[in-house]
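> Pasting the sequence and the predicted coordinates here, then a few questions.
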Amino acid sequence: MAKTQDFSAMMKDMMASFPVDTSAMEDFFKSTAALNEKLSAVALDAAEKNAEISSKWTKDTLAKMGALSKAKAEPADYAKAATDFASASAEVAAENMAAFAEVAKKVQMDTVELLMAAGKDISEEATAAVKKATEEVTTAAKKAAAAK
């Protein structure tokens, strides 16, 4: 009866013949985690600022509604209060939309800055990894040529 070959031992031997340096992958994962941490910080900071703007806007609107909801002596006073409320609300809306735009602008600038720095770091890491791999292949080729 034929004996089956042990492919797992053969694969182990084959993989041992081609050593793999995992430090490049570890560095890649570390730099990716660091970039994600920085991008998360930018996003969380923006969310916090947007929540503050929204909260302030809500408080201002509720304060102005207090004056709107008070009983008036004359019907014309209700129209004036409604007009004043609408005018003040439009003004506050413009201010708050400008504040939201500033937050978005800062997020965009910070994100571009982080991505540019990450691109530079990745390029440098890739260059170093390729150089190291080239040196290893050259060394292995010289050893193989000398063994013949």
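Everything's here; your move.
> Quick check: residue 27 vs residue 117, distance?
For residue 27, the distance to residue 117 (Cβ to Cβ, to the nearest Å) stands at 16 Å. From N, CA and C alone the C-beta is placed, and that goes for glycine too.
> what do you get for residue 70?
The gap separating residue 70 from residue 117 is 56 Å, by Cβ to Cβ.
> for this structure, what's the longest helix?
Of all segments of type helix in the chain, defined using DSSP state H, the longest is helix 75-147.
> what's downstream of the lowest-mean-pLDDT helix or strand in the chain, the next helix or strand?
When the helices and strands of the chain are scored by mean pLDDT, DSSP states H and E, helix 7-17 comes last with a mean of 74. Downstream of helix 7-17, the next assigned helix or strand under DSSP states H and E is helix 23-69.
> That following helix vs helix 75-147, what angle?
180 degrees (axes from the mean of the first three to the mean of the last three Cα atoms, to 10 degrees).
> quick one: low-confidence ranges for the chain?
Where the chain drops to pLDDT under 70, the residues are 1-2, 16-21, 24, 147-148.
> swap the cut-off to 80 and go again
Along the chain, the parts satisfying pLDDT under 80 run over 1-7, 9-25, 27-28, 121-126, 128-130, 133, 136-137, 140-148.
> related to what we said a few turns ago, which elements pack onto the longest helix of the chain?
When contacts are defined as 3 or more Cβ pairs under 8 Å, 6 or more residues apart in numbering; DSSP states H and E, helix 75-147 packs onto helix 23-69.
> which secondary structure elements does the helix it packs on contact?
Contact analysis of helix 23-69 by 3+ Cβ pairs under 8 Å, 6+ apart lists helix 75-147 as its packing neighbours.
> From the chain's centroid, how far away is the helix it packs on?
Remark: helix 75-147 is offset 7 Å from the chain centroid, using Cα atoms, centre = their mean, to the nearest Å.
> now stretch 65-75
Distance of stretch 65-75 from its chain centroid, counting by Cα atoms, centre = their mean, is 48 Å.
> For the chain, which residue occupies the most central location?
In the chain, the centroid-proximal residue (Cα atoms, centre = their mean) is residue 39; its distance is 3.0 Å.
> give me every residue that touches that one.
Applying Cβ atoms under 8 Å, 6 or more residues apart in numbering, we find residue 39 in contact with 111, 114.
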